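Undergrad: Structure of the sequence below:
(2 chains)
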Amino acid sequence: MISDPTPPTATSSSAQLEHVLEQAMARMEAERKAEAEHAAAASAAKETTGRRVSIAALLLTMMLSFLGFVRANEDGDISGDKTTALQSKNDAATEWTLYQTKIAQRSSYIETEDALAREALSIPAADPRRRLGRFHHREYELKVRQLDDENRQLFFVIQELRRREYHATKDAEHHARRTTRYDMAIRTLTLALVLISVTLLVTRKYLFWFGVFVASIGALLGVTGYFLR
Amino acid sequence: MLSFVVIGVIIDAFFAIVNFYPVAPHQSRGPKRYVVLQLDETQAAWFQANVLEDFNAEANKDVEVIRVDEEEQLQSTAAKYGKDVLLVGLPTTQLDAAVSKQLVRPFSDVVKSSSIAADFKDLDAPLLAIGKYKDTQYFFPWMSRLDVAVYRVSKVRDAVLHWSMLRPNIETALKAVNGRGLPAGYQLEASPEQWDQYDLFVAGYYWANRVYNGQPARPRIAHRTGDEIDGQQDIVSALYRQGVTDASLGTFASPAAIDYFQWEALFRQEGVYPDEMASGAPFDDEAMLEGLQKGEVFFASIDSIEAFTLHGGSHKGAQPQIDDPGDLEFTSLPQGASLELGPKGIPARTGKSFSFREDWVWTLPKASEQAALAYDLVRFLWRPEIHARQCEALGMLPQHPQVLADRVSRFRLEWMSQLFQAGLSQAAEPVPPGMIGKGYGSVYAQLWTKIAGGGVPPDASRIAEILKAPPAARPLAVAAAAAHADAKPDKPAPAEDDDTSDTSANDVEADWESDVVLRPHAGAKGSDAKGKP
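TA: Take a look at the predicted model:
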């Protein structure tokens, strides 16, 4: 048996060192891999979140803009209804003025008829002025009846105008109720958009889902606004 | 995630579509529901088109009116339509029967009291009290109607101008009864709003002896008579104007009742009332309206809703039932006054202007399946605009506090505001339960027929004797609806002085240019005179 020239302690130390180095290298490699995987996962998650947020933001923005249009339409309807109501009210007031004028005319005819009746008593029956008086009396009577008929028609027009005013006012109220609901929807959706956007900065998943939840409430408000009676 | 995207896209698509179709599609209006009311055809058509259609549009429902001619048909008609009936408009006189037969149920069972209080907070407590039954909000008020006086203004003016030509005759007629004649310093009041029983007699006496357009003089004042509801109510309310109260209604020979029957006997004796009032058949609303339509009656008491129908012009479909509605005016009923004069020559007893108020309520049929909808309809009907619209078209007295406060600007037609003012200014009470329940109305109606109709002289002691032995009350008679329908003319009868289309009449002396011609009509004691005003 040939003996080893190196002492046995030095050989084992070297092997141990190698082993430690290998272990350290392996650990470092594992850590590097883990870091790389983590970085890749984080990047993937960020990308996913970014994509989600983008889609959600796109959908919400579209929703907001469509709702904005609908709301603007409602505003237009309210304004139109208010104009109709005001116009009907003004028209009715004008018709009332005309009615009053005709009433004044009627009163003057009645007074003239009275005066004629008083005069007739002092004129002999065969006097031609009696015939003239008769002619005028009939004419005035006719005019009074005509004015009464015209006033009746005017009153019906006024009734129709008042009804139109009432309907327009009620329609305006109805549109106002829907506008209020759309406003609530728009505000809620805007809040949702903000929450979802913040997710990009703070990378909190639950914030995104909370934003989605708020957005669904906003969407629900918008949908119910449409069906509101 | 994909599902959220799909949902989001669907919602976006929905809002995109909404932009193009901003009005949501309507659901089906569901089955027909009914409201049972006593209205005439014109009124029912108006109510459907102007009230129920608005409600239907707002509530997306299909509610229709079912009209009946007589109030006695209301409950049976509601029963016929069963669960589809939302509301029935009943007079308060039918409520006991409806509750005891379990035909109706309380609104307070359907809606919480707190909700009722909140929903009807704009209505006065006394108004809501009309719908209360045994301290619960069993019903809701619908409308009140009462009698007012209707007169021909041209004829009143004629009487005011010329009555003094007959003053001696009038004094004689009155002196024979009260020993004095007219009250001291008497002048016929220019406005019928101020009239009392003396003014009514003076005007009636003058008209009954005045020839108009060459036609024989005839009685021109009337009220409803006969032992049925119209006549009883008219007679008993006239008794109240003389001073009878709920407490003294059962005392037939009370001083106020003697005063009333003395006047009635005098009116009949002097030919101020038409013979038809005492002919045996009831002189009811229809007879009165016919007299007014023909221009034969110049002054009468008339229900406010009938007054609207008679005058016409309250809405497009309401044609005037009279030749010259411009000549019709309305006021409160004349105040009572005793024939007997006091030492200073003024009436010993005076009364007030008064009419019974007939309250109607919305009732909820027990069988109704849509109680919540019925409640919504009642709320809708009590909106100030809708209430005012009904008052204006149908002649219901304004009762909503806001409508009452705004009535001057809301009801601008002169005749309409006059009529409402007449109704609101006179004292009004619900019909006393004793009038029908204890048969007092029937007794007084029979006494009228015996005293005024029977030609008993206006002697207080003689009348008191008759009143002390009253006849037995009879069960309330209800005239058949068909009988009324047959009696109604299709067109308003032309007034006697309607000859404007006849050109040949130009040469004939017309009434307006002639002297006042006085001539007694058959049976009256008036003078035969031709006077100069």
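
Undergrad: pLDDT on stretch B:435-446, on average?
TA: The average pLDDT for stretch B:435-446 rounds to 92.

Undergrad: For that stretch, what is the distance to the chain centroid?
TA: Taking C-alpha atoms, centre = their mean, to the nearest Å, one finds stretch B:435-446 lying 20 Å from the centre of the chain it belongs to.

Undergrad: That stretch spans what distance, first to last residue?
TA: End-to-end span of stretch B:435-446 (C-alpha to C-alpha, to the nearest Å): 13 Å.

Undergrad: For it, which outside residues touch it?
TA: The contact list for stretch B:435-446 (C-beta atoms under 8 Å, 6 or more residues apart in numbering or on different chains) reads B:93, B:225-229, B:231-233, B:235-236, B:239, B:249-250, B:252, B:257, B:432, B:434, B:470-476. (Glycine included, C-beta is placed from N, CA and C.)

Undergrad: of those residues, list those near chain A.
TA: Here nothing survives when the contacts of stretch B:435-446 are matched to chain A using C-beta under 8 Å from any C-beta of the partner chain.

Undergrad: Can you turn the buried subset of those residues into a selection I can paste into ChimeraX?
TA: To isolate the buried ones among these in ChimeraX, judged by 16 or more other C-beta atoms under 10 Å in any protein chain shown, type:
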select /B:93,225,226,227,228,229,231,232,233,235,236,239,249,252,257,432,470,471,473
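
Undergrad: Distance check, residue B:214 against chain A.
TA: 15 Å (C-beta to the nearest C-beta, to the nearest Å).

Undergrad: Number of residues surrounding that residue?
TA: By other C-beta atoms under 10 Å in any protein chain shown, 13 other residues sit near residue B:214.

Undergrad: again with residue B:260
TA: 32.

Undergrad: And for residue B:124?
TA: Neighbours of residue B:124 (other C-beta under 10 Å): 13.

Undergrad: quick one on the thing from earlier: strands - which of the contacts of stretch B:435-446 land there?
TA: In strands, defined here by DSSP state E, there are no members of these.

Undergrad: OK, contacts around residue B:122?
TA: B:382, B:384, B:400, B:401, B:402.

Undergrad: secondary structure element for it?
TA: Using DSSP states H and E, residue B:122 maps to neither a helix nor a strand.

Undergrad: Angles on the backbone of it, please.
TA: Dihedral pair for residue B:122: phi -80, psi -20, per degrees, to the nearest 10.

Undergrad: From residue B:260, how far out is it?
TA: 40 Å (C-beta to C-beta, to the nearest Å).

Undergrad: and residue 19, how many neighbours?
TA: All of this refers to chain A. Residue A:19 has 10 nearby residues by other C-beta under 10 Å.

Undergrad: Actually, chain B is the one I wanted.
TA: Around residue B:19 there are 15 residues (other C-beta under 10 Å).

Undergrad: go on, residue B:17?
TA: 12.

Undergrad: give me the element it is part of.
TA: Going by DSSP H and E, residue B:17 is in helix B:2-20.

Undergrad: What residues sit buried inside stretch B:360-372?
TA: Of the residues in stretch B:360-372, those buried (16+ other C-beta under 10 Å) are B:360, B:361, B:362, B:363, B:364, B:365, B:366, B:368, B:370, B:371.

Undergrad: what separates that stretch from the chain centre, distance-wise?
TA: For stretch B:360-372, the distance to the chain centre is 26 Å (C-alpha atoms, centre = their mean).

Undergrad: same check, this time on stretch B:432-441
TA: 19 Å.

Undergrad: what's the answer for stretch A:63-75, then?
TA: 6 Å.

Undergrad: Tell me which residues of it come out buried.
TA: For stretch A:63-75, by 16+ other C-beta under 10 Å, it's A:63, A:64, A:66, A:67, A:69, A:70, A:71, A:73, A:74.

Undergrad: Can I get that stretch in CSV? Just the C-alpha atoms.
TA: Provided in CSV are the C-alpha atoms of stretch A:63-75 (Å, rounded to 0.1, in the frame of the first residue of the first chain):
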residue,chain,number,x,y,z
MET,A,63,-70.8,54.4,-20.7
LEU,A,64,-70.1,57.9,-19.3
SER,A,65,-70.1,59.5,-22.7
PHE,A,66,-73.3,57.7,-23.8
LEU,A,67,-75.0,58.6,-20.5
GLY,A,68,-73.8,62.2,-21.0
PHE,A,69,-75.5,62.3,-24.4
VAL,A,70,-78.7,60.8,-22.9
ARG,A,71,-78.6,63.3,-20.1
ALA,A,72,-78.1,66.1,-22.6
ASN,A,73,-81.1,64.9,-24.5
GLU,A,74,-83.1,64.9,-21.3
ASP,A,75,-81.9,68.4,-20.6
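
Undergrad: any idea of the mean pLDDT for that stretch?
TA: Stretch A:63-75 comes out at a mean pLDDT of 90.

Undergrad: Is any residue of it near chain B?
TA: Yes - judged by C-beta under 8 Å from any C-beta, stretch A:63-75 comes into contact with chain B through A:63, A:66, A:67, A:69, A:70, A:73, A:74.

Undergrad: Show residues contacting that stretch.
TA: Against stretch A:63-75 from outside (C-beta under 8 Å, 6+ apart): A:175, A:178-179, A:182-183, A:185-186, A:189-190, A:193, A:215, A:218-219, A:222, A:226, B:8, B:11-12, B:15-16, B:18-19, B:22.

Undergrad: And residue B:114, how far from residue B:108?
TA: Taken as C-beta to C-beta, the span from residue B:114 to residue B:108 is 11 Å.

Undergrad: Compare neighbour counts for the two and give me the winner.
TA: When neighbours are counted by other C-beta under 10 Å, residue B:114 and residue B:108 differ, and residue B:108 comes out ahead with 17 against 8.

Undergrad: Look at the more buried one and report its pLDDT.
TA: 89.

Undergrad: how much space between it and chain A?
TA: 27 Å.

Undergrad: Likewise for residue B:341?
TA: With C-beta to the nearest C-beta as the criterion, residue B:341 and chain A are 35 Å apart.

Undergrad: mind checking the SS state of the closest residue to that residue other than its chain neighbours?
TA: Closest residue to residue B:341 apart from its sequence neighbours, by C-beta to C-beta, 6 or more residues apart in numbering or on different chains: residue B:180 at 4.7 Å. Under DSSP: H, G, I helix; E, B strand; the rest coil, the three-state class of residue B:180 is coil.

Undergrad: quick one: residue B:180 and residue B:339 touch, right?
TA: No - here residue B:180 does not reach residue B:339: they are 9.4 Å apart, not a contact under C-beta atoms under 8 Å.

Undergrad: So the two - more neighbours on which side?
TA: residue B:339 (24 against 15).

Undergrad: What confidence value was assigned to the more buried one?
TA: pLDDT, residue B:339: 95.

Undergrad: who touches both of residue B:180 and residue B:339?
TA: In contact with both residue B:180 and residue B:339: residue B:174, using C-beta under 8 Å, 6+ apart.
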